[in-house]
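> Below is the sequence, then the predicted model.
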Amino acid sequence: MTFFLNVSSRMPGERLTVRGTSEIGRFPGAAPPTRVELTIHHQGEKKQEEGGCRRWFRKMCPCCCKRQNSTSYDVTDKVEFTKPPNPAPLIMEKETNGNYSIVTFLNLKFSETKLSVCSVDLLSSKTSQNRQEHHTDLYHGDELIIRRGQTFQMELELNRPFNADTDKLHLDIKTGSLPMVSKGTHVIIPLVEDLEDLRWEAKIVQENGNKVKLSVNSPCTAVVGLYGLSVTTSSLKGEDATTHNSSKNIVMLFNPWCEEDSVFLDDEEERKEYVLNDTGRIYYGTEKQIGARTWNFGQFHEGILEACLFILEKSDMPPSGQGDPVNVVRVVSSMINAQDDLGVLVGNWSGDYSDGVSPAAWSSSVEILRKYHSTNGTPVSYGQCWVFSGVTTTVLRCLGIPARSVTNFQSAHDTDVSLTTDVYFDVDMEPIDHLNSDSVWNFHVWNDCWMARPDLPPGNGGWQAVDSTPQETSQGTFRCGPASVNAIRSGQVYLKHDTPFVFAEVNSDKIYWQRNLDGTFSQIHSEKKAVGHCISTKAVGSDERADITHLYKHQEGSEEERIAVETASRYGSKPDVYSTPMAEDVSVEVKMEGEGPRMGADAQLSIVVKNMSSQPRRTTLHSQVAVMYYTGVLKNAIKKEQMPKTIEWLLPYQQYQNQLVDQAALMLTLSGRVSETQQVLANQTTFRLRTPDLNITPVGEAIVGKEMAAKITFTNPLPRTLKGVVFRVEGLGLQKGHEVVVGDVGGHSTVTLTEHFIPTQPGPRKLVASLDCKQLTQVHGVGATIKKKGRGGKV
């Protein structure tokens, strides 16, 4: 609306132009005009005392006049309303008779009021388009959880319709304690006509009255983490700016579905397995007695995303570094253990877990991570390698990095960077314990994660090994990786990070040394196939075991494998240890039947000595069996023999019943010498005493919202009473993890536990249980159930 004011007045001054007039408050009780035309003609009235300004004009425009007291005015016959043809600035012009006349247009392109945001809807519900398209609908929580490199939507409610000709709007997102534009932690997102890839931009895609729907694009290199959001509106010149802070945050994750993201994985079935599957299998035991246990990763469980973001925050990694998965994985490797930075888990291999939870009792990452977060970063007691790996898988999958738990059987632990595993004997062929710092673990569990490696030569992307178990330091911190699996396979141990250590775990040679009379040591034997067997992970889409040894090493004994070992050895501390000075025509091997010895029974093995020459050979074997931790550390010897010849080897239950430690593992060491050739015979064989599984049987039909039950049955395999038996039970989508104290269980007795619960989510789910007591560990079981939706399909 335009006001035309035809007013006569005497006004001082030669010429005046009005610009930048405020859009608000000049016309109380009515909407401000967009254009005002004032024409003042001199009519000969007496000059007013107040500087020539009429009383009614002072009242009408109080901001322009200092005196505003008079009320004796009448403008009804002074003002008429008309629509001017063209706007122009307000100009004061002097007439020929000396009086002043204002004949002009005042161009005040006011909107009805300045633009502001009333509310922001991030469209963050689990059923929203955002959560569905970004594959984040399984996460709990009300925040907007999205993946980088992909557009997302939001709705703004404004105080009036948006006018692109007069209004400006932009978004601000910030992460970290000190957001900076230069570091990518403070991002100003402009409004554009068309979105472009690899840039932060927003576009209006829908307008409905005062509501505006935006499509926002994020680059594939965006920093991962928790962002705060604000929306700023202003005029085109940036005046009258207002800012509205969103009550909800945005969580940005890595995006394996985005081709430009460095964690892109191009196989949908593998994405379902390595990103979306919240349960898995972790393998343990020995290469001849491989066991499997189900693990609840629970990356979508309530509170887990918050715990993972808390871990990144607590690590003190600069938020600007959280866009690079190499940095993130390296930090996660450090933060999962509590060795030097008060991370998630305290490692304990002592056998005494009285002030915490036995590592063998855990079957889920959920309770561990939630406890760590709820106590503001107090490390959880206790963990060993499979627990560290399970929690690492959870954190990486939760953040959007494809990951899996990997088990290496006969896993070497090289302590002196020799890239060999060294075993020392005295002159009588007895092991020298204090020199045998290198060890071969029965099994060791770490992780693979998938990403590009632009920091390495081409061809080293893909699977990367990362290990959160605190074994050795890397750049002063207990962490390991990410190390390119391709680099490990080819022996390129000079490539970062920590490739030499992982190479030694899977492909080092085992070198035997004997002390001479003068105190020096001579190499007497080498085993080229001693470590790195049956490297295992859960298969894609099933609970079967997948052997991935071929990814870590060439076929044993092949030319490629020997070249890789020789390449790596050039960078080790003992580069010239591969010559064997004597003939080797006699071999010794240990065999077992079926699944091997069982807990509570006598252990029986077969020792086979083969003469591969055409001449008779005489030898005497020395045997020693020792209780060992699964890490390869020996506790004590429990039986020694000298065997001129032997076929069967027997270890009675009474000799080991009070000696066993975690995993019920033992090592049989054989040593001897061939009289005719002086060939040294050496063999170390590890085996474990198998424990029974828990039998879990569902009772009743599995329907969401309807109570059902499961029976858990256990039979004590030992002839003695188990003291203080505790069950731990958990099922994602079934029931929360909890403990059930059973108490004592008599020798060879059976106990049955019935669990009642109400399923909350449809689809295949697993109830996982474990048994813990001092006399028996590594007892666990899993029961699978497929839950149907309730009546009406409601969950």
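Sure thing, it's come through.
> Please name the nearest non-neighbouring residue to Gln555.
Glu561 (6.2 Å; C-beta to C-beta, 6 or more residues apart in numbering). No exception for glycine: its C-beta is placed from N, CA and C like everyone else's.
> I'd assumed that neighbour was in a strand, is it?
No: secondary structure of Glu561 (DSSP: H, G, I helix; E, B strand; the rest coil): helix, not part of a strand.
> Check the gap between it and Val726 for me.
From Glu561 across to Val726, the span is 46 Å (C-beta to C-beta, to the nearest Å).
> Surely Pro402 touches Leu265?
Yes: using C-beta atoms under 8 Å, Pro402 is in contact with Leu265, at 5.0 Å.
> Compare the two and say which one has the larger neighbour count.
Legend: neighbour count by other C-beta atoms under 10 Å for Pro402 and Leu265, higher for Pro402 (24 against 18).
> From Asn277, how far off is that one?
11 Å.
> returning to that earlier point: these two touch, right, the residue nearest to Gln555 and Asn507?
Yes: with contacts counted by C-beta under 8 Å, Glu561 reaches Asn507, the gap being 7.4 Å.
> Next, show the common contact partners of those two.
Lys553 (C-beta atoms under 8 Å, 6 or more residues apart in numbering).
> Give me the longest helix you can find in the protein.
Longest helix of the chain, by residue count under DSSP state H: helix 385-399.
> so where do the helices sit in this structure?
55-60, 129-133, 268-271, 304-314, 325-335, 366-374, 385-399, 485-490, 499-507, 549-552, 559-569, 653-656.
> nearest to Gln471, of those helices?
helix 499-507 (7.8 Å; C-beta to C-beta).
> what angle do that closest one and helix 559-569 make?
140 degrees (axes from the mean of the first three to the mean of the last three C-alpha atoms, to 10 degrees).
> residues in contact with helix 499-507?
408, 411-414, 417-421, 444, 446, 465, 467, 471-472, 474, 480-481, 483-484, 487-488, 491-493, 531-532, 535, 552-553, 561, 564-565, 568, 571-572.
> Now do it: distance to the chain's middle.
Between the centre of helix 499-507 and the centre of its chain there are 24 Å (C-alpha atoms, centre = their mean, to the nearest Å).
> just stretch 364-372 next, same as before
Centre-to-centre, stretch 364-372 and its host chain are 14 Å apart (C-alpha atoms, centre = their mean).
> in it, what's buried?
364-372 (16 or more other C-beta atoms under 10 Å).
> picking up where we left off before, Ser437: which of the helices of the chain is closest?
helix 499-507 (13.1 Å).
> Name the residues of the closest one that are buried.
499-507.
> mind putting the residues you listed in CSV, pLDDT included?
Formatted as CSV, the buried residues of helix 499-507 follow (pLDDT from 0 to 100):
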residue, pLDDT
Thr499, 94
Pro500, 92
Phe501, 92
Val502, 94
Phe503, 92
Ala504, 90
Glu505, 93
Val506, 94
Asn507, 90
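> and which of these is nearest to Ser671?
Ala504 (23.3 Å).
> closest to Val625 among the buried residues of helix 499-507?
Out of the buried residues of helix 499-507, the member with the shortest distance to Val625 (by C-beta to C-beta) is Glu505, at 24.8 Å.
> burial count for Pro179?
19.
> ok, it to Ser246 distance?
To Ser246, Pro179 is 15 Å away according to C-beta to C-beta.
> Below-threshold pLDDT in the chain: ranges please.
1-112, 573-583, 626-649, 660-662, 786-795 (pLDDT under 70).
> Break it into its domains for me.
Partitioning the chain according to automatic domain parsing yields domains covering residues 1-110, 117-253, 278-569, 586-688, 695-793.
> Leaving aside the residues adjacent along the chain, what's closest to the residue minimising distance to the centre of the chain?
Centroid-nearest residue in the chain: Leu396, 2.4 Å away (criterion: C-alpha atoms, centre = their mean). Take Leu396 and drop its neighbours on the chain: the residue closest to it by C-beta to C-beta, 6+ apart is Ala403, 3.7 Å away.
> Give the residues shared as contacts by Pro402 and Leu265.
In contact with both Pro402 and Leu265: 256, 271, 274-275, 450, using C-beta under 8 Å, 6+ apart.
> Let me have the residues you listed in CSV, extended by distance to Lys126.
Formatted as CSV, the entries for those read as follows, by distance: C-beta to C-beta, whole Å:
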residue, distance to Lys126
Pro256, 20
Arg271, 19
Tyr274, 22
Val275, 17
Trp450, 26
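> what's the closest of these to Pro719?
Using C-beta to C-beta, the shared contacts of Pro402 and Leu265 come closest to Pro719 at Tyr274, 44.4 Å.
> How much space separates the residue nearest to the closest one when sequence neighbours are not counted from Pro219?
Once flanking residues are discounted, Tyr274 sits nearest to Pro402: 3.9 Å by C-beta to C-beta, 6+ apart. With distances taken as C-beta to C-beta, Pro402 is found 20 Å from Pro219.
> Contacts only, for Asp585.
611-613, 617, 674, 677, 679.
> Give me the buried subset of those.
Buried, going by 16+ other C-beta under 10 Å: 617, 674, 677, 679, out of the contacts of Asp585.
> I'd say the last one and Gly672 touch.
No: under the contact definition of C-beta under 8 Å, Gln679 does not touch Gly672, with a separation of 9.1 Å.
> What ranges does the stretch 201-350 of the chain have for its strands?
Assigned by DSSP state E, counting those that start in this stretch, the stretch 201-350 of the chain shows strands spanning 201-208, 211-217, 225-235, 242-245, 250-253, 279-286, 289-296, 345-347.
> which one of the ones you listed lies closest to Arg147?
So among these, strand 250-253 is nearest, using C-beta to C-beta, at 5.0 Å.
> what's that closest one packed up against?
strand 144-147, strand 225-235 (3 or more C-beta pairs under 8 Å, 6 or more residues apart in numbering; DSSP states H and E).
> which residues does the residue nearest to Leu156 when sequence neighbours are not counted contact?
Closest residue to Leu156 apart from its sequence neighbours, by C-beta to C-beta, 6+ apart: Val212 at 4.7 Å. By C-beta under 8 Å, 6+ apart, Val212 lies in contact with 155-156, 158, 162, 204, 206.
> Now flag whichever of these is closest to Pro190.
Looking across the contacts of Val212 and measuring by C-beta to C-beta, the closest to Pro190 is Ile204, at 12.0 Å.
> looking at it, the closest one is touching Val216, isn't it?
No: contact criterion C-beta under 8 Å: Ile204 and Val216 do not qualify, at 10.8 Å.
> Looking at those two, which has the bigger crowd around it?
Taking neighbours as other C-beta under 10 Å, Ile204 and Val216 compare with Val216 leading, 21 against 16.
> what's the distance between the more buried one and Glu707?
Separation of Val216 from Glu707 (C-beta to C-beta): 44 Å.
> related to what we said a few turns ago, need the shared contacts of Pro402 and Leu265 in CSV with neighbour count and distance to Ala603, can you?
Output for those, formatted as CSV (neighbours: other C-beta atoms under 10 Å; distance: C-beta to C-beta, whole Å):
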residue, neighbour count, distance to Ala603
Pro256, 26, 46
Arg271, 19, 44
Tyr274, 25, 38
Val275, 25, 42
Trp450, 23, 41
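> and of these, the nearest to Tyr353?
Nearest to Tyr353 among the shared contacts of Pro402 and Leu265 is Tyr274, at 31.2 Å by C-beta to C-beta.
> so what's Val493 up against?
Taking C-beta under 8 Å, 6+ apart, one finds 419, 487, 499-500, 503, 567-568, 571-572 in contact with Val493.
> So of these, which two are at opposite extremes in space?
Top of the distance list for the contacts of Val493 (C-beta to C-beta): Ala487 and Gly572, 15.4 Å.
> quick one, which of those two is more surrounded?
Legend: neighbour count by other C-beta under 10 Å for Ala487 and Gly572, higher for Ala487 (23 against 20).
> Tell me, how many residues neighbour the residue lying closest to that one once chain neighbours are set aside?
Distances taken as C-beta to C-beta, 6+ apart place Leu495 nearest to Ala487, at 4.5 Å, with adjacent residues excluded. Neighbours of Leu495 under the rule other C-beta under 10 Å: 19.
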